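*Asks:* quick one, structure for this:
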Amino acid sequence: MTAKSPTRNMQRLLLGICACAMIVVGTIGWYADSWPVFFNSMLRAGILLFGVWLAYPQMTRGRWRVTVGVGIAAIVVVALLAARPRLIPVVVVFLIVLAALQTIIPRLFRRR
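*Replies:* Numbers count the residues shown, from 1 in each chain. Now for the predicted structure:
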């Protein structure tokens, strides 16, 4: 599937629509002063999705192809972190341990 396929264009379109909707809802709620944590999270996640929308063509072609599952997982993690910023240290430690395991384990089982 190439980057110019109709499916990729539709995915990018839906990503842009979701980003704009989240930004608009977050901004309106932020000015309304009701449920500030929820609307602040919506605004943050919308801005992040807008950045993903901008980078989508580069993310879906070439060496760094992002699968749908990884993309959805990243969006869920970012939305969770936007809603609960206290989880950031836990996620950072988890990612450091994951990166260490990813580099150490292949070296242990490498054939000499």
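*Asks:* grab the most central residue of this structure for me.
*Replies:* Nearest to the mean C-alpha position of the chain, by C-alpha atoms, centre = their mean, lies Ile75 at 3.3 Å.
*Asks:* low-confidence ranges in the protein?
*Replies:* Applying pLDDT under 70 to the chain flags the ranges 1-5, 62-71, 106, 111-112.
*Asks:* next helix or strand past the longest helix along the chain?
*Replies:* The longest helix of the chain (DSSP state H) is helix 6-32. Following helix 6-32 in sequence order, the next helix or strand is helix 36-59 (DSSP states H and E).
*Asks:* what are the buried residues along that next one?
*Replies:* The neighbour-count check on helix 36-59 (16 or more other C-beta atoms under 10 Å) flags 39-46, 48-50, 52-53, 56, 59 as buried. All C-beta atoms are positioned from the backbone trio N, CA, C, and that covers glycine.
*Asks:* show me what the host helix or strand of the residue nearest to the centre of the chain is packed up against.
*Replies:* Applying DSSP H and E as the criterion places Ile75 in helix 68-83. Where contact means 3 or more C-beta pairs under 8 Å, 6 or more residues apart in numbering; DSSP states H and E, helix 68-83 is packed against helix 36-59, helix 88-108.
*Asks:* Thr43 reaches Ile23, doesn't it?
*Replies:* If you look again at residue 43, you'll see it is Leu, not Thr. Yes - Leu43 is within contact range of Ile23, at 6.4 Å (criterion: C-beta atoms under 8 Å).
*Asks:* could I get the buried residue list for the longest helix of the chain?
*Replies:* By neighbour count with 16+ other C-beta under 10 Å, helix 6-32 contains the buried residues Arg8, Gln11, Arg12, Leu15, Gly16, Cys18, Ala19, Met22, Ile23, Gly26, Gly29.
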